[in-house]
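>>> Sequence first, predicted model second:
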Amino acid sequence: MPKSSRCFSILLISLWVAGCAVYAQQEPGKRCTTNKDCNTTIDCGVMVACVDGKCDASQTFIEPCSDGCQADSDCVMTSRTCCCGEFYEDYFAIVVDHLAEWLSREECAGTICTDEECAIPQAVETKCLDGKCQLQADQASFDSCMNDQECTHVPIACPSCDCHAGYIEKTINKFFEKTYLADLEQACRLVGACAPGPFNAEACTNRPGICVSGKCQVLSQDCDCPFDWNPVCISYQGQQITVPNRCHANCLNSEWSYAGRCECEAACRDPDPVCASNGITYWCGVEEALCSGHAIAYTGDCDAACDHCAELDRPPRPVCSEDFIDYVDVCYADCHQVDWWHTGACLPYEGDDCDNGWDKVECPRDDLYCFNLDYCSDCPGCSCPGFCIALGHCLIAQDCHSQPLPTLDCAGFWTCQEHVCTWICD
């Protein structure tokens with residue numbers, strides 16, 4: 001493995017500088033427009049700089065020499081910085097005869113580096129390809145590791161196709177992180193929005209990356225478990241860790257302490273229980289259930305009498321309840337004798353406060369209507385508080401009478417049918 005840059009002895013540096021002084025003073029005083037004009041016979045090494053239109057031998061810089069190799073053994077890896085680099089991009093391959101010249105460059109004079117080996121994965125090799133020294137690292141080796149600390153999380157597919165879209169989590173050696181993400185971004189430029197991943201829900205956890213048999217992987221990655229997003233919180237080596245489901249907890253021989261993401265567990269003074277789609281009661285209400293990625297089946301404790309709603313042989317029919325809670329299926333609302341405004345999820349801002357009277361607070365969407373009691377129209381100038389509902393929907397026929405619905409051709413009246421305001425011709 002390559003060593004970090006060392007502080008060379010004064011004698012060694014002096015020899016190289018002395019040798020390069022002649023090497024650099026090829027065409028002093030020559031007129032120039034670019035540095036290349038001052039270095040017509042060389043492409044690398046100590047180069048003369050073009051300053052104010054003239055080649056100035058007192059101003060030199062190092063251009064690393066990667067060309068001129070004949071075999072892989074002619075090449076060696078070194079850091080672009082004065083000491084060890086952090087990422088793959090921080091290194092390059094150079095002809096071994098020019099290594100000392102590169103390490104003794106002026107910009108690194110006085111730099112003190114640690115006396116430890118640079119942490120470079122064994123998967124990185126130096127090759128002589130077409131007479132040029134190059135680094136090579138097979139993407140299949142990006143997950144190689146020697147310890148847990150080398151492993152970091154990355155998207156498994158295009159940047160948007162990660163655990164947030166329901167895809168599994170992935171780790172690689174952090175040394176290759178920038179290269180991996182750059183390659184991924186280039187490959188995904190023509191890819192549109194992701195299809196839902198196998199978990200079909202946001203499936204991000206705080207599971208650490210670990211090094212197993214020289215390969216980076218996510219904790220419990222090897223467990224033979226289904227793609228079922230029903231997270232539980234476990235204690236693992238003194239840490240609270242979220243795993244995708246109880247199968248992962250069992251695989252790790254860990255007891256789970258909470259049916260949800262660890263960070264979602266809440267203590268509330270005034271319980272407001274809801275039954276989530278996973279059949280678990282979340283005592284602190286809607287936000288606690290949603291935090292773990294579960295839809296609300298119905299308000300209140302989970303009731304075995306409504307278990308049949310999870311076994312219906314038809315697609316789900318979500319509804320927006322009378323208290324503006326999303327129910328995953330109308331069956332749950334009916335089971336608990338909860339009325340509902342309309343099918344589908346509640347609209348954004350639906351249920352928010354509004355006022356059609358003196359204080360005038362309008363609903364923030366055109367497809368919402370400020371619903372008030374009828375007596376408000378008999379009191380001009382009065383405050384008339386209400387709440388925003390989806391225009392054209394109802395619980396009873398009276399709910400349609402005050403809505404700004406269009407006038408139709410035939411004489412008739414508005415009524416409420418299947419929770420939709422419907423015009424009935426006489």
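The structure has been received and is ready for your questions.
>>> How many neighbouring residues does the closest residue to Phe61 other than its chain neighbours have?
Using CB to CB, 6 or more residues apart in numbering and skipping residues adjacent in sequence, the residue nearest Phe61 is Met47, 5.5 Å away. To be clear about C-beta, it is placed using only N, CA and C from the backbone, and glycine gets the same treatment. Residue crowding around Met47 was assessed by other CB atoms under 10 Å; the count is 21.
>>> The helix or strand hosting Met47 pairs with which strands, and in what direction?
With elements delineated by DSSP states H and E, Met47 resides in strand 45-51, which encompasses its position. Here strand 45-51 is paired, per DSSP bridges, with strand 54-63 (antiparallel).
>>> Compute the distance from the centre of the partner strand to the centre of its chain.
Per CA atoms, centre = their mean, to the nearest Å, the displacement of strand 54-63 from the mean C-alpha position of its chain is 46 Å.
>>> same question for it, mean pLDDT?
Averaging pLDDT along strand 54-63 gives 84.
>>> now do stretch 227-235
Here stretch 227-235 scores 94 as its mean pLDDT.
>>> contacting residues around stretch 361-376?
Judged by CB atoms under 8 Å, 6 or more residues apart in numbering, the contacts made with stretch 361-376 from elsewhere in the structure are 347-350, 352-357, 382, 384-391, 398-399, 401-404.
>>> could you dump that stretch to PDB, C-alpha only?
Taking C-alpha atoms only, stretch 361-376 is exported to PDB below (Å, rounded to 0.1, in the frame of the first residue of the first chain):
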ATOM      1  CA  VAL A 361     -60.800  34.300   6.100                       C
ATOM      2  CA  GLU A 362     -60.900  32.500   2.800                       C
ATOM      3  CA  CYS A 363     -59.800  28.900   2.000                       C
ATOM      4  CA  PRO A 364     -56.400  28.800   0.300                       C
ATOM      5  CA  ARG A 365     -57.600  26.600  -2.700                       C
ATOM      6  CA  ASP A 366     -60.200  27.200  -5.400                       C
ATOM      7  CA  ASP A 367     -61.500  23.600  -5.000                       C
ATOM      8  CA  LEU A 368     -62.300  24.300  -1.300                       C
ATOM      9  CA  TYR A 369     -65.400  26.000   0.100                       C
ATOM     10  CA  CYS A 370     -65.800  27.800   3.500                       C
ATOM     11  CA  PHE A 371     -68.700  25.900   5.000                       C
ATOM     12  CA  ASN A 372     -70.800  27.800   7.500                       C
ATOM     13  CA  LEU A 373     -74.200  27.400   9.200                       C
ATOM     14  CA  ASP A 374     -77.100  29.000   7.300                       C
ATOM     15  CA  TYR A 375     -77.900  31.600  10.000                       C
ATOM     16  CA  CYS A 376     -74.700  33.500   9.000                       C
END
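>>> follow-up on the earlier one: return the residues in contact with the residue nearest to Phe61.
By CB under 8 Å, 6+ apart, the contact list for Met47 reads Ala24, Asn35, Cys38, Asn39, Thr60, Phe61, Ile62, Glu63.
>>> quick one: which of these is most hemmed in?
For the contacts of Met47, neighbours tallied by other CB under 10 Å; top is Cys38, 26 neighbours.
>>> who touches Val319 in this structure?
With contacts defined as CB under 8 Å, 6+ apart, Val319 is in contact with Asp326, Tyr327, Asp329, Val330, Ala333, Trp340, Trp341, His342, Thr343, Gly344.
>>> same question but for Asp162, I mixed them up
Under the criterion of CB under 8 Å, 6+ apart, the neighbours of Asp162 are Pro155, Ile156, Glu169, Cys204.
>>> likewise Asp72?
Applying CB under 8 Å, 6+ apart, the residues near Asp72 are Glu125, Thr126, Lys127, Cys128.
>>> So which of the residues you listed wins on neighbours?
Within the contacts of Asp72, most neighbours by other CB under 10 Å means Thr126, with 22 neighbours.
>>> Run a quick neighbour tally on Cys188.
Count around Cys188 with other CB under 10 Å applied: 16.
>>> Tell me the buried residues in the strand holding Met47?
By 16 or more other CB atoms under 10 Å, the buried positions in strand 45-51 come out as Gly45, Val46, Met47, Val48, Ala49, Cys50.
>>> in the chain, which spans are helices?
Counting by DSSP state H, residue ranges of the helices within the chain are 10-24, 99-103, 177-187, 246-251, 286-291, 330-335, 398-401.
>>> Need the winner for burial among these.
Mean neighbour counts were compared across those using mean count of other CB atoms under 10 Å; the top stretch is helix 330-335, at a mean of 20.
>>> which residue sits closest to Thr299, ignoring its sequence neighbours?
Val274 (5.3 Å).
>>> so what's the one you found up against?
Neighbouring residues of Val274 by CB under 8 Å, 6+ apart: Thr281, Tyr282, Gly285, Val286, Glu288, Ala289, Ile296, Ala297, Tyr298, Thr299, Gly300, Ile325.
>>> Tell me the confidence at it?
The predicted structure scores Val274 at 90 on the pLDDT scale.
>>> ok, it to Asp301 distance?
Between Val274 and Asp301 the computed distance is 9 Å (CB to CB, to the nearest Å).
>>> Also Gln134?
Gln134 sits 65 Å away from Asp301 when distances are taken as CB to CB.
>>> ok, now how distant is the nearest residue to Ala71 once chain neighbours are set aside from Glu101?
Spatial nearest neighbour of Ala71, chain neighbours left out: Cys128 (5.6 Å); criterion: CB to CB, 6+ apart. Applying CB to CB, the value for Cys128 to Glu101 is 19 Å.
>>> and what of Asp67?
If you measure Asp67 against Glu101 using CB to CB, the figure is 14 Å.
>>> Tell me the buried residues within the contacts of Val274.
Buried, going by 16+ other CB under 10 Å: Thr281, Tyr282, Gly285, Val286, Glu288, Ala289, Ile296, Ala297, Tyr298, Thr299, Ile325, out of those.
>>> Touching, the first one and Gly260? I think so.
No - look at Thr281 against Gly260 with CB atoms under 8 Å: they stay out of range, at 11.4 Å.
>>> Contact partners for the residue lying closest to Thr152 once chain neighbours are set aside?
Once flanking residues are discounted, Thr152 sits nearest to Lys174: 3.9 Å by CB to CB, 6+ apart. Shown here is Lys174, whose contacts under the criterion CB under 8 Å, 6+ apart are Phe87, Glu150, Cys151, Thr152.
>>> what's the closest non-adjacent residue to the first one?
By that I understand Phe87. Among residues not flanking Phe87 along the chain, Lys178 sits closest, at 4.9 Å (CB to CB, 6+ apart).
>>> What separation do you get for Ala100 and Asp326?
Applying CB to CB to Ala100 and Asp326 gives a distance of 69 Å.
>>> Alright, that wraps it up for me.
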